[in-house]
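J.: what's the 3D shape of this:
(2 chains)
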Amino acid sequence: MELKKLDKKVLKLWYIHAGIMSLVLLGIFTITFIILNIPGVPDDVKHAVLLGVGILVALLLVFALIMPALRYKMYAWGYDDKRIVVKQGVIFRQRVVIPICQIQDLHSAQGPIMMMLKLSVVTISTVGSNFSISTLTTDEAERMINDLERHLETRIEELKNEEI
Amino acid sequence: MKRFNKGYIYSGLLTDLLKILPIILLFLVRFFLLEGEKTADASIAVILFFAITFVVYFSCCIAYRIMYYKTAGYELTETEIKCNRGVFFRKRSVLDYKKVHAIDKRQNIFHRIFGIAILMVDSGSANTPHQAEITIIENSKIVDALINEINALKESGIRTAKDSKEEVLLSDKDSLYHFTSKKKMLYTLSQVVATVLVLTLFGVIAIIVVSVCCTLMFQLDALDAVGWEQSFQTTILISVPAILFFSSASFVIFMIHTFVRYHNFIITKKGNEIQISFGFFERYTNTFSYDRIKAVRISQGLIQRMLGFATINLEVIGYTNNAGENRNLNGGVLVPFCKYNEIGEILGKVLPDYIPDKKQMKAVSYFPFISWFSLIFGIITVAVLLQTIATIMIFNVSASVITTVALAIVGTAIIVLVVNVLSSVLSYKTNGITINNGKITAYYGGFIKNITVFMSKHLIAAENITTPLRQKAGITSLVMHIKTNVISNKIMVHIQNEELSKEIEELLVL
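T.: Just a heads-up that it's a prediction; the model follows:
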């Protein structure tokens, strides 16, 4: 089965999320800076705390900005009439195989930014476990749900006939 | 539609009364006995306040229980069970007999006073994992009759759908496993030994922490040599009795819990039906079909492993060890405690298809078990160490204090790493898998060893996790998702040959 890469718009979405996270981190650094500027705080303490928080914020910022590109590079997904395959993970690489006949429900969801970018998350529910296809374009998500629904009905009929 | 038994109202009110009375009594005792002298007006006001609170609360309870009784009911039709219940949110449930997954009977001490029991019928639906589809509150004898009736109706539906596989019929009195008083005592002792070990570890850490703090104060001239010695002695004098006290308390608590919870533990098998019942104050009677069992999980804590004992749990959706609100989250007990070498014999009587096979494929390498944790933990420790020393140096603290702090951090890191190395050794020895004619026996865990036996037809998804380096070496960790309760549906077997993941994928019913 040939696995597909995610749409470029997904990378844009992940960078928007990274941007929001960076703003939060910078906010934390700014608040720490303001608190430390209260009169009476010794310079030594100020420098030590700013150094500690600064290193942590810088590391997280680098992580937040590098991760989307790496995650995008490693993500691949695909399905045929019998199974869905998802490959993901930067350091720990994961490959999941879900048989279509085990699907219980299919869900698609959109947040406000995803709605603007016309993207959707598809969640596949089986008995007990949920699997998400990270982010797809709304058209791809709709097509996938329709295809899976059709394959599921056909596969159930086939399995019933095999049992008989 | 038939109404629930009236005993529901009385037992419910008794429960409500017992919930509020201790709180009121506690406040009144505290007010009248412990808090100085009171004026007559203050006393009357307090009594009035509590009396009004009690009357209002209890009136609400009475109203709620009566309204629940009036709105609730059940009906057994030709093909399904119907049930209505709910005061503020009305719920109407319909469950086809063929879809009945597990039948549970619960009876607590108040129910027994009024001769009633709660019958819960579950379809195993993932949409309502927190509760049973059907709840019936009836006279205990009627509940027993309903269990037999529903079982018969369910069986009649199943028999036409599959080959009937009749087992030896046993009477209710022929329990297939006996949880004797001797076993209960051994079970209690194994739990107490585990608790004592944890308590001792905490005690030793407390002594080390106090010693380091006292040494720091001594070096900063905040404590003299005599003071240091006194602090150290006091720590030992507090820690040792505390460990002894909590150990004794845990022994009493565990013993009461074991004897009360597993009172009169019975496992019976009638044809395709398995029934497990236990409990003193609250008696659980769980009935389910053999073909509804998704897996058998054998677990051994470190102490149980050293002493050669084990616990066997069942993975049946709708049968759990949890109370009514948390259904379908975790597995239910089959055998609370047995010798490890008795497992085959016990399972041979109850679930012959689920006897674990010997491990055929073992973990292929030891290093990956320890590498990531050690690397990440090592980096964090060095970062914390450097940052702490840098901060202390900014404040011009003496070299001896810096050395003490550095030693404390390094010491803690060594303890954590030793625990990690031990856990890794145990994981390396434990992890493995056997695939035999559609039966999968997975061995996994570290300090707690687990063996899960399940059929490949219950496998719903296969996952493999690797890293670039492991990929080069052909190593992968397997995650098998099975059709069972929400918490326990993932089985992780680490550091296996990559070829194995393909073999597991081939077992999936596509």
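
J.: domains in chain B, as residue ranges please.
T.: B:7-71, B:181-261, B:293-363+B:431-507, B:367-428 (automatic domain parsing).

J.: To A:Arg71, which of those lies closest?
T.: domain B:293-363+B:431-507 (14.9 Å; Cβ to Cβ). Bear in mind the C-beta positions are built from the backbone N, C-alpha and C, glycine included.

J.: Quick check: mean pLDDT of the closest one?
T.: With pLDDT averaged residue by residue, domain B:293-363+B:431-507 scores 87.

J.: how about it, does it get close to chain A?
T.: Yes. Contact of domain B:293-363+B:431-507 with chain A (Cβ under 8 Å from any Cβ of the partner chain) involves B:317, B:460-468, B:471, B:481-486, B:489-490, B:501, B:505.

J.: Which other helices and strands does the longest helix seen in chain A contact?
T.: When chain A is parsed with DSSP state H, its longest helix is helix A:43-74. Contact here means 3 or more Cβ pairs under 8 Å, 6 or more residues apart in numbering or on different chains; DSSP states H and E; on that basis helix A:43-74 packs against helix A:8-36, strand A:83-88, helix B:367-394.

J.: Redo these as CSV? Include mean pLDDT, mean neighbour count and distance to A:Gln110.
T.: Shown next, in CSV, are the helices and strands packed on helix A:43-74 (pLDDT from 0 to 100; neighbours: other Cβ atoms under 10 Å in any protein chain shown; distance: least, Cβ to Cβ, whole Å):
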stretch, mean pLDDT, mean neighbour count, distance to A:Gln110
helix A:8-36, 91, 15, 11
strand A:83-88, 92, 19, 19
helix B:367-394, 82, 14, 35
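
J.: Same list (these) but as CSV, adding distance to B:Gly73.
T.: Supplementary listing: the helices and strands packed on helix A:43-74 in CSV, determined by distance: least, Cβ to Cβ, whole Å:
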stretch, distance to B:Gly73
helix A:8-36, 51
strand A:83-88, 44
helix B:367-394, 56
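
J.: From the chain's centroid, how far away is stretch B:464-478?
T.: In terms of Cα atoms, centre = their mean, to the nearest Å, the centre of stretch B:464-478 is set 32 Å apart from its chain centre.

J.: same check, this time on stretch B:83-96
T.: Counting by Cα atoms, centre = their mean, stretch B:83-96 is centred 29 Å from the centre of its parent chain.

J.: from what I can see B:Phe27 touches B:Phe49, true?
T.: No. B:Phe27 is beyond contact range of B:Phe49, at 9.5 Å (criterion: Cβ atoms under 8 Å).

J.: nearest spatial neighbour of B:Lys91, skipping sequence neighbours?
T.: Of all residues not flanking B:Lys91 in the chain, B:Arg85 sits nearest, at 5.6 Å (Cβ to Cβ, 6 or more residues apart in numbering or on different chains).

J.: now B:Gly308
T.: Using Cβ to Cβ, 6+ apart, the closest residue to B:Gly308 is B:Tyr340 (4.9 Å).

J.: Please list all residues in contact with that neighbour.
T.: B:300, B:308-310 (Cβ atoms under 8 Å, 6 or more residues apart in numbering or on different chains).

J.: can you check A:Val96 too?
T.: A:85-87, A:131, B:461-463.

J.: mind checking which of the helices and strands packed on helix A:43-74 is nearest B:Phe232?
T.: Nearest of the helices and strands packed on helix A:43-74 (Cβ to Cβ): helix B:367-394, 23.9 Å.

J.: Now do the closest one: distance to the chain's middle.
T.: 34 Å.

J.: ditto for stretch B:473-480
T.: 28 Å.

J.: number of nearby residues for B:Leu241?
T.: Residue B:241: Pro, not Leu. Neighbour count for B:Pro241, taken as other Cβ atoms under 10 Å in any protein chain shown: 10.

J.: and it, what helix or strand is that in?
T.: For B:Pro241, the element it lies in under DSSP states H and E is helix B:225-261.

J.: Close to chain A: what parts of chain B are there?
T.: Counting by Cβ under 8 Å from any Cβ, chain B sits next to chain A at B:126, B:317, B:387, B:390-391, B:394-395, B:460-468, B:471, B:481-486, B:489-490, B:501, B:505, B:508-510.

J.: contacting residues for the residue nearest to B:Lys91?
T.: B:68, B:71-73, B:91, B:135.

J.: unless I'm mixing things up, B:Ile394 is touching A:Ala48, no?
T.: Yes. At 5.2 Å, B:Ile394 and A:Ala48 qualify as touching, with contact defined as Cβ under 8 Å.

J.: Find the centremost residue of chain A, please.
T.: A:Ser134 (4.5 Å; Cα atoms, centre = their mean).

J.: so where's chain A uncertain?
T.: Residue ranges of chain A with pLDDT under 70: A:128, A:162-164.

J.: so what are the domain limits for it?
T.: According to automatic domain parsing, the ranges for chain A are A:8-73, A:76-163.

J.: most tightly surrounded among those?
T.: Most buried of the domains of chain A by mean neighbour count (mean count of other Cβ atoms under 10 Å in any protein chain shown) is domain A:76-163; its value is a mean of 16.

J.: Tell me the residues of chain A that contact chain B?
T.: When proximity is defined by Cβ under 8 Å from any Cβ, chain A lies next to chain B at A:44, A:47-48, A:51-52, A:55, A:82-83, A:89, A:91-102, A:104, A:125-129, A:131, A:159.

J.: Go ahead and confirm B:Ala72 touches B:Lys2.
T.: No. Assessed by Cβ under 8 Å, B:Ala72 is found out of contact with B:Lys2, at 10.0 Å.

J.: Counting neighbours, go ahead and name the busier of these two.
T.: Neighbour totals were compared for B:Ala72 and B:Lys2, and B:Ala72 leads with 22 against 12 (other Cβ under 10 Å).

J.: And the residue nearest to that one when sequence neighbours are not counted, how far from chain A?
T.: Among residues not flanking B:Ala72 along the chain, B:Arg85 sits closest, at 4.2 Å (Cβ to Cβ, 6+ apart). As judged by Cβ to the nearest Cβ, to the nearest Å, B:Arg85 and chain A stand 26 Å apart.

J.: so who does the residue nearest to the centre of chain A touch?
T.: By Cβ under 8 Å, 6+ apart, the contact set of A:Ser134 is A:6, A:10, A:75, A:77, A:88, A:121.

J.: what comes up buried for stretch B:277-295?
T.: For stretch B:277-295, the neighbour count (16 or more other Cβ atoms under 10 Å in any protein chain shown) marks B:277-279, B:282-290, B:292-295 as buried.

J.: Narrow those to those in strands?
T.: B:277-278, B:283-289, B:295 (DSSP state E).

J.: that older thread, between the contacts of A:Val96, which sits nearest B:Ala408?
T.: Using Cβ to Cβ, B:Glu463 comes nearest to B:Ala408 of these, at 40.8 Å.

J.: pretty sure that closest one belongs to a strand, no?
T.: Yes. Assessed with DSSP: H, G, I helix; E, B strand; the rest coil, B:Glu463 lies in a strand.

J.: Now do the same contact list for it.
T.: A:94-97, B:478-481.

J.: Same list (those residues) but as a markdown table, adding secondary structure and distance to B:Val192.
T.: Output for the contacts of B:Glu463, formatted as a markdown table (DSSP: H, G, I helix; E, B strand; the rest coil; distance: Cβ to Cβ, whole Å):
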| residue | secondary structure | distance to B:Val192 |
| --- | --- | --- |
| A:Gln94 | strand | 41 |
| A:Arg95 | strand | 44 |
| A:Val96 | strand | 42 |
| A:Val97 | strand | 45 |
| B:Leu478 | strand | 36 |
| B:Val479 | strand | 35 |
| B:Met480 | strand | 35 |
| B:His481 | strand | 36 |
